[in-house]
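1. Mind folding the following:
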Amino acid sequence: MVERRGGHWGPSVRPRQAPTTGPTANNPDVRRPFIAGRAFARIAPAWWLAGIVSASFVSLAVGGRAVSHPSVFVDELVYSGAAERLAEGLGPAVPGGGYGFGVLYPLSIAPLYALFEHVPDAYAAVKVLNAAFFSLAAVPAYLLARRGCGPGLALGVALLTVLLPARAYTFFVLTESLAFAVFLFAALAVVRALERPTVTRQLVMLGAAALAVETRRQNLVVVAAIPLSILLASWLQERDLRRTWRAAARYSVTWAAFLVATLLLVAVPLAQGDGAGARLGPYEVLLHGYELGAVTAWTRNHVAVLGLTLGVLPLLALPFGLSASFGRGAPAPRRALGVVTAVLVALVVVQVGVFSSGDFGLNRVHERYLFYVAPLALAMLAVWIQQGLPRPRTAVWAAAAAVIALPLLLPEHGIRDGGIDTPTLPALGYGASGGGLYGSFHVVAIVWSAFLALWILAVRPRQAAALLAVVAVALAIVDVRFNRWVVDEARAIELTATAGRPGLPRDWIDRAVGKEAEVVAVSVAPAPTCPTARVDRIRASTSFQQAVFFNTGIVRVVSVGPPPDVGLPVTRARLTRSGLVASGTAPASARLVVANARLPLRGRRIRHDPAGRLTLWAVDGPLQLEGVRDDASARGLVCTAGRTA
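-> Model prediction:
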């Protein structure tokens, strides 16, 4: 039975008397703490946390073995290529191949490319290291949650953190795994500095923020969150404008660092005649091209996406957890956690909304950039549970209504059915069973959200662990489906690249001529009139991608017709009447060439790839095709249908 008691809604049971002795005797803030079983309580939380990290690592390391081929090709090539250059002592001249990504991730995986002789072995080791990075994110998640709740609930937050569907990102050579852990450690450093702003803690906070940015440029939100968090925490502590400024002045080291950074990043480029975004490199394009209406719409969309990503309940609990953290009697650690959560969640959601609204964001949902703040929202759920689930009547009904309407805020477009940008919504069936605002997905989602909202009204504080269990089940369901898609996609790509013969050596070029050799890829696209042109282009592009990724010697592409998407410099070429491959007025030349096996290059065959689609040639002199007189005849040779009409 549910009744109203003192302006709150809750079960019609009498609260237990607070103990007269013990750790909660003089702490009225802890009304109904989470009580673990005796067997659980006898084991130190550190051992439980180590178990969570270890179990997550083992499961991810084993699961990564099922993914034997990169799926997010160009991005994965960017990081692996930068790591290979670092391993050779060259340094990533342009980290991210011009993308402007941070260098910390390539630095972390570079030793693996130096340690292992063959790239496929290094690739497998990178996924194991990714598993370690992601699993270690449970540590800062636990330490953050401990600011507002007991060890049992904090361990629940740590467990949910490693159950996030983003765990499947460990199967890619991408920065997400490391960036997630570094983001949470940076958030923890900000929380600690807000608790007690010593010089040491401020320096650690600034260093952690710098590392977060160098891991992933998106983590600039951590830098932006620092001054906002200081001001908000100071105001919550003093509740007076004048005393707020005095409290904020204690962070003198931080303000000095921001002043110096502003001079270096803004004033100096302006003084040199460069634009304000000159130091952003390729990210300078993100400074313009936005409309307020589109930004607002995409921000609203991503609030809904975040809610469903978290399993609904943490988003419903977020305002109540923040309220418990912002109260006058809240202890400093919990207040600091609430401040950092409020600021970072708001900044990340707005940042992703802004990004998705622009041309560079492709008008697409980017759940991939939202999951970083999930542990903070989970920590607020734990805080709310720790406080005994206080439910003010007006606020709880408003939150319940908002949660029920959450599915209606989802965008009607921008959801990729299959893809790493949005793992949750396709896994839940969005877009597969009817579109528009009243598709079957929305009906089911609204009914489920309504059930959870009503359950929140009736759940007893001592049953609150069930809330974490529901979130865990929701995360596990999405994870299983997303994991299956990742594995199936990688297998499909590998089968396409290997002509159905996986398991054969993928670094066949390096094994034949050595990793130091410079090899040129010659690509001839099938003729547009070829009946199998589309299939042939996909097969050729996938074969070249595998060759480029697993063989370090391929340095550029010479292309007749549309080039394959391999992330390398491309030289456009044509065929002369004598069969020479010409770039401009001069014939192209190379000592070692990898090309479609159907192309009759003049030279000496060294080796075929395991699938029989590519051939490695040793060439003396300019590149020339025997018996081919023009582009059309060459492009007809690579048509598997055997005809060009």
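2. Hmm, His69 and Val486 touching each other?
-> No. Using CB atoms under 8 Å, Val486 makes no contact with His69, being 11.1 Å away. From N, CA and C alone the C-beta is placed, and that goes for glycine too.
3. Do I have it right that Leu112 meets Lys127?
-> No. Using CB under 8 Å, Leu112 and Lys127 do not qualify as a contacting pair, with a distance of 10.1 Å.
4. Could you identify the helix or strand that succeeds the helix ranked longest in the chain?
-> Longest helix of the chain, by residue count under DSSP state H: helix 465-498. Moving toward the C-terminus from helix 465-498, the next helix or strand (DSSP states H and E) is helix 508-513.
5. buried ones in that following helix?
-> Buried residues in helix 508-513, counted by 16 or more other CB atoms under 10 Å: 508-510, 512-513.
6. Turn these into TSV, including distance to Gly636.
-> Compiled in TSV, these are given as follows (distance: CB to CB, whole Å):
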residue	distance to Gly636
Trp508	27
Ile509	27
Asp510	32
Ala512	29
Val513	30
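7. Out of those, which is nearest to Thr198?
-> Asp510 (51.9 Å; CB to CB).
8. Closest to the centroid, which residue in this structure?
-> Nearest residue to the geometric centre of the chain (CA atoms, centre = their mean): Glu176, 4.0 Å.
9. which residue ranges form the helices in the stretch 251-400 of the chain?
-> With DSSP state H, counting those that start in this stretch as the criterion, the stretch 251-400 of the chain has helices at 252-262, 268-271, 292-309, 313-326, 332-357, 374-386, 393-404.
10. picking up where we left off before, find the nearest non-adjacent residue to the residue nearest to the centre of the chain, please.
-> Of all residues not flanking Glu176 in the chain, Tyr169 sits nearest, at 4.0 Å (CB to CB, 6 or more residues apart in numbering).
11. Same check on Val513?
-> Closest residue in space to Val513, ignoring its immediate chain neighbours: Leu592 at 6.0 Å, by CB to CB, 6+ apart.
12. Report pLDDT for the one you found.
-> Looking at Leu592, its pLDDT stands at 92.
13. For it, give me its contacts.
-> By CB atoms under 8 Å, 6 or more residues apart in numbering, Leu592 lies in contact with 513, 517-520, 553, 606, 616-619.
14. Return the distance of it relative to Arg574.
-> Distance, Leu592 to Arg574, by CB to CB, to the nearest Å: 22 Å.
15. what helices or strands is the strand or helix carrying Ile109 leaning on?
-> Using DSSP H and E, Ile109 sits within helix 104-115. Packing partners of helix 104-115 (3 or more CB pairs under 8 Å, 6 or more residues apart in numbering; DSSP states H and E): helix 73-87, helix 119-136, helix 176-195, helix 199-215.
16. Quick one: work out the angle between the longest one and helix 119-136.
-> Same thing as helix 176-195. 30 degrees (axes from the mean of the first three to the mean of the last three CA atoms, to 10 degrees).
17. With the last one instead?
-> Interaxial angle of helix 199-215 relative to helix 119-136 (the same axes, to 10 degrees): 140 degrees.
18. List the buried residues in helix 199-215.
-> For helix 199-215, by 16+ other CB under 10 Å, it's 201-202, 204-206, 208-215.
19. picking that back up, want to throw the buried residues of helix 508-513 into TSV with pLDDT and distance to Ser135?
-> Putting those into TSV (pLDDT from 0 to 100; distance: CB to CB, whole Å) gives the following:
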residue	pLDDT	distance to Ser135
Trp508	89	34
Ile509	91	34
Asp510	91	31
Ala512	89	38
Val513	90	39
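20. among the residues you listed, which two are most distant?
-> Among the buried residues of helix 508-513, Trp508 and Val513 lie farthest apart (CB to CB), at 9.9 Å.
21. what residues do those two have in common as contacts?
-> Leu616.
22. What pLDDT does the model give Pro25?
-> Actually, residue 25 is Ala rather than Pro. At Ala25, pLDDT is 42.
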